[in-house]
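**Student:** Sequence plus predicted model, see below.
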Amino acid sequence: MIRLAQLYTGGVGSEIVRRCAGHPELELVAVMVHSDEKAGRDSGELVGAAPNGIVTTQSVDDVVATKPDAAIHSGLTYDLDLITTLLRAGVSVYTGIGGYYLPGSPDFELIDAAAREGNASFSAGGNIPGLISDVWPLFVTGYTGRIRQIRARQWNDVSTYPSGVQIQSLGIGKDVGAEQEYAAMFDAHFTGAIRMSAQMIADGLGVALTDCVLSDKRTVVADHDITLPSSGLVIRTGQVAGIEWTWTATSEDHEFLKVTNQQTAALRLGGGWRQTHEDPPWRVEIDGEPSIVTTFGWPEGAPPGESTSLLNVSRAMNTIPQLVAARPGAVSVLDFPAPRAAGLA
């Protein structure tokens, strides 16, 4: 069994704690929380499951003292100090935010050195980056050749997100122009993340990445007041209800990758915006020989927000065995087999 620490208990972290009960490969040994209200409690009871005897803590030293083999970091932000502390202590770390593919990035030497010092491994993933913009396109390229361009798209419905603040941090629910106060920081952050995806694809294909830039951005406004069911956020008529970003990556002067990420708070906002939940939320097109189109989505009636969250839960847990067995350092699916599920329900 692999001894696992879970860092933080938001939506993803809480589900990981629940799923560790009876897991065939993972034994939960520590749970770290942010708030005083969550500290010192049985982590099973905290997440609405049966008691599991793992008392929550706010101390990384307490986590390390349980001697976990690995930790899943499900925080709201990328915590470089926490991650490197765990790596130096010999704990392999998987995170769902930041550090998606480090070669060529400013953090590579720091994280790679910390992991090698502790004889541990570090990896990251999610749905974008971590699936649609890198891992999935690379997998599909294994079934074609003479590739001219890869195009990846995400259509994401934020209407079921529980936090209005999180939704507004995208610029959705803001007056036209006011969303720009988020643009400089958010656009730069997301461009850096997609650049990591572009670097992974370039490295996987054996080509040089010249640049990755935000090449287009557009918004759409609500034509009526919209009240989101989970967060209670009210988007007034004329406020931003959807945003779409497109990034283009080049190798020399060849545009080999386009990634489009559309975030909307409602359906049927107009032409080019998502019309129904039956439309697949992800699509990858490979212009090659042969050309390939693949889509990825949920069965009819599946809640999109919950399904996306559970995808990230599963990806994190299924990666841990491969991560623990991987070479020390900062690694990715270019270094170990793609994650796979363990056992059956």
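**Tutor:** Here it is on my side, so go on.
**Student:** how about stretch 76-83: buried residues?
**Tutor:** Using 16 or more other C-beta atoms under 10 Å as the test for burial, stretch 76-83 gives 78-79, 82-83. The way it works is simple: take the backbone N, C-alpha and C, and place the C-beta from them, glycine included.
**Student:** Kindly indicate which of those lies nearest Ala113.
**Tutor:** Ile83 (12.4 Å; C-beta to C-beta).
**Student:** Look up how far Lys258 lies from the closest one.
**Tutor:** Going from Ile83 to Lys258 by C-beta to C-beta, to the nearest Å gives 31 Å.
**Student:** Next: Leu310.
**Tutor:** Distance of Leu310 to Lys258, given as C-beta to C-beta: 28 Å.
**Student:** swap in Val234?
**Tutor:** To Lys258, Val234 is 34 Å away according to C-beta to C-beta.
**Student:** These two: who's more crowded?
**Tutor:** Legend: neighbour count by other C-beta atoms under 10 Å for Val234 and Lys258, higher for Lys258 (17 against 13).
**Student:** Does the more buried one belong to a helix, a strand or coil?
**Tutor:** Secondary structure assignment for Lys258 (DSSP: H, G, I helix; E, B strand; the rest coil): strand.
**Student:** hang on, it packs against Ser133?
**Tutor:** No - in this structure Lys258 lies outside contact range of Ser133 using C-beta atoms under 8 Å: 10.1 Å.
**Student:** ok, now which ones touch Asp134?
**Tutor:** 100-101, 196-198, 200-201 (C-beta atoms under 8 Å, 6 or more residues apart in numbering).
**Student:** 7 Å - rerun?
**Tutor:** 101, 197, 200-201 (C-beta atoms under 7 Å, 6 or more residues apart in numbering).
**Student:** Nearest residue to Ile97 in space, please, no chain neighbours.
**Tutor:** Distances taken as C-beta to C-beta, 6 or more residues apart in numbering place Tyr78 nearest to Ile97, at 5.4 Å, with adjacent residues excluded.
**Student:** I'd say that neighbour and Gly99 touch.
**Tutor:** Yes - counting by C-beta atoms under 7 Å, Gly99 is a contact partner of Tyr78 at 6.3 Å.
**Student:** What number of residues are in the vicinity of Val293?
**Tutor:** 11.
**Student:** Okay, strands next: where are they in the stretch 201-345 of the chain?
**Tutor:** Assigned strands in the stretch 201-345 of the chain, in chain order: 211-221, 226-227, 234-235, 240-251, 254-264, 282-287, 292-296, 329-330 (criterion: DSSP state E, counting those that start in this stretch).
**Student:** And the ones you listed: which comes nearest Asp62?
**Tutor:** Here strand 329-330 is closest among the strands of the stretch 201-345 of the chain (C-beta to C-beta), at 25.7 Å.
**Student:** Packing partners of the closest one?
**Tutor:** Applying 3 or more C-beta pairs under 7 Å, 6 or more residues apart in numbering; DSSP states H and E, one finds that strand 329-330 contacts helix 108-118.
**Student:** Show me what counts as buried in the helix it packs on.
**Tutor:** Across helix 108-118, burial judged by 16+ other C-beta under 10 Å covers 110-112, 114-116, 118.
**Student:** cool, and stretch 306-321?
**Tutor:** So for stretch 306-321, counting by 16+ other C-beta under 10 Å, buried means 308-313, 315-321.
**Student:** and the residue lying closest to Thr210 once chain neighbours are set aside, how many neighbours?
**Tutor:** Distances taken as C-beta to C-beta, 6+ apart place Thr250 nearest to Thr210, at 4.7 Å, with adjacent residues excluded. For Thr250, the neighbour count with other C-beta under 10 Å is 17.
**Student:** residue contacts, Thr250?
**Tutor:** By C-beta under 7 Å, 6+ apart, the contact list for Thr250 reads 210-211, 256.
**Student:** Among those residues, which one is most surrounded by other residues?
**Tutor:** Highest neighbour count within those, by other C-beta under 10 Å: Phe256, with 21 neighbours.
**Student:** mind listing what Glu45 touches?
**Tutor:** Taking C-beta under 7 Å, 6+ apart as the test, what Glu45 contacts is Pro51.
**Student:** secondary structure element for it?
**Tutor:** Using DSSP states H and E, Glu45 falls within helix 43-46.
**Student:** after that helix, next one along is what?
**Tutor:** As assigned by DSSP H and E, the chain's next helix or strand after helix 43-46 is helix 60-65.
**Student:** packing partners for the longest helix belonging to the chain?
**Tutor:** Across the chain, the longest stretch assigned as helix under DSSP state H is helix 180-205. Other helices and strands packing on helix 180-205, by 3+ C-beta pairs under 7 Å, 6+ apart, are helix 135-141, strand 211-221, strand 240-251, strand 254-264.
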